[in-house]
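*Asks:* could you look at this predicted model? Sequence included:
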Amino acid sequence: MENLEKPRLSSILNTPLHKSLMSRRTEREFSKEKPDIGLILSCLEVANSAPSGANLQPWHFTLIQDTQIKKQIRQEAEKIEYDFYHKRAPREWLDDLQFLGTNHHKPFLEDAPFLITVFYCPVIQNEGEQKKTYFPIESTGLATGFLLTALHEAGLSCLTYTPKPSCFLNSIYLRPKTD
Ligand SMILES: Cc1cc2nc3c(=O)[nH]c(=O)nc-3n(C[C@H](O)[C@H](O)[C@H](O)COP(=O)(O)O)c2cc1C
């Protein structure tokens, strides 16, 4: 299908977009210097433009800068991670993680000036009624990809971090249990 708004290229390779995406790396240490919050909000707006099932945008992003909440998230996450690294993780998973040198210590959760939590929503509120969404996990993954791209384009570093289970975040943020 043709996109009439854009001239078609012969290749996407070596374009500014490709070069920029190739230079993206996950960072695990952060300076405490705070970027402009407006810049981050504009990246979240880009994320919201991602495609989603029936255009219901079944995601919820939360931006956190409060030091006490960051501390609480770190404490909860490190409990889960201790359990993961010392009891729950299958040998193969630990072997696959070895090259990263990660462990249950997660100082970045307090060092990073901002945390963005990502919730997918199987159900949303629509005009006061609960409404089922379609492909919420897939749609939220796409929106998160847009977010990572926007943050990178904005010159910001980030780490995709996935504590498992992550339901402690629902309690901290007072999100519904379904998210
Ligand atoms: C879904 C997902 C979950 C991830 N979870 C973690 C994580 O919990 N901790 C971590 O340090 N990195 C995590 N990462 C980052 C990956 O380790 C990283 O993307 C990968 O090693 C490739 O490196 P790059 O992002 O620099 O290209 C995650 C990435 C993705 C996409």
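*Replies:* All right, it came through fine. In this text the structure is predicted, and so the values were computed from the model without any measurement.
*Asks:* buried residues, stretch 163-170. List them.
*Replies:* For stretch 163-170, the neighbour count (16 or more other CB atoms under 10 Å) marks 163, 168-169 as buried. (Each C-beta comes from the backbone N, C-alpha and C, glycine too.)
*Asks:* now swap in stretch 133-140 and tell me
*Replies:* For stretch 133-140, burial by neighbour count (16+ other CB under 10 Å) applies to 133, 135-136, 139-140.
*Asks:* and the buried residues of stretch 163-170, which of them are in helices?
*Replies:* When DSSP state H defines the helices, the subset of those inside them is 168-169.
*Asks:* parallel or antiparallel, list what pairs with the host helix or strand of residue 125.
*Replies:* Element membership of residue 125, judged by DSSP states H and E, is strand 123-126. Applying DSSP bridges to the sheet, strand 123-126 is found paired with strand 129-132 (antiparallel).
*Asks:* contacts for the partner strand?
*Replies:* By CB atoms under 8 Å, 6 or more residues apart in numbering, the residues outside strand 129-132 that reach it are 56, 122-125.
*Asks:* can you name the residue of the protein nearest to the ligand?
*Replies:* Nearest residue of the chain to the ligand: residue 26, at 3.4 Å (CB to the nearest ligand atom).
*Asks:* right, and that residue touches residue 161 too?
*Replies:* No. Here residue 26 does not reach residue 161: they are 9.2 Å apart, not a contact under CB atoms under 8 Å.
*Asks:* which one's more surrounded, these two?
*Replies:* Neighbours were counted for residue 26 and for residue 161 using other CB atoms under 10 Å; residue 161 has more, 18 against 11.
*Asks:* now the strands for the chain?
*Replies:* Remark: strands assigned in the chain by DSSP state E are 59-64, 115-120, 123-126, 129-132.
*Asks:* take those strands and write them to CSV, including mean neighbour count and distance to the ligand.
*Replies:* Shown next, in CSV, are the strands of the chain (neighbours: other CB atoms under 10 Å; distance: least, CB to the nearest ligand atom, whole Å):
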stretch, mean neighbour count, distance to the ligand
strand 59-64, 18, 14
strand 115-120, 19, 10
strand 123-126, 14, 23
strand 129-132, 11, 24
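*Asks:* not counting sequence-adjacent ones, nearest residue to residue 125?
*Replies:* residue 131 (7.4 Å; CB to CB, 6 or more residues apart in numbering).
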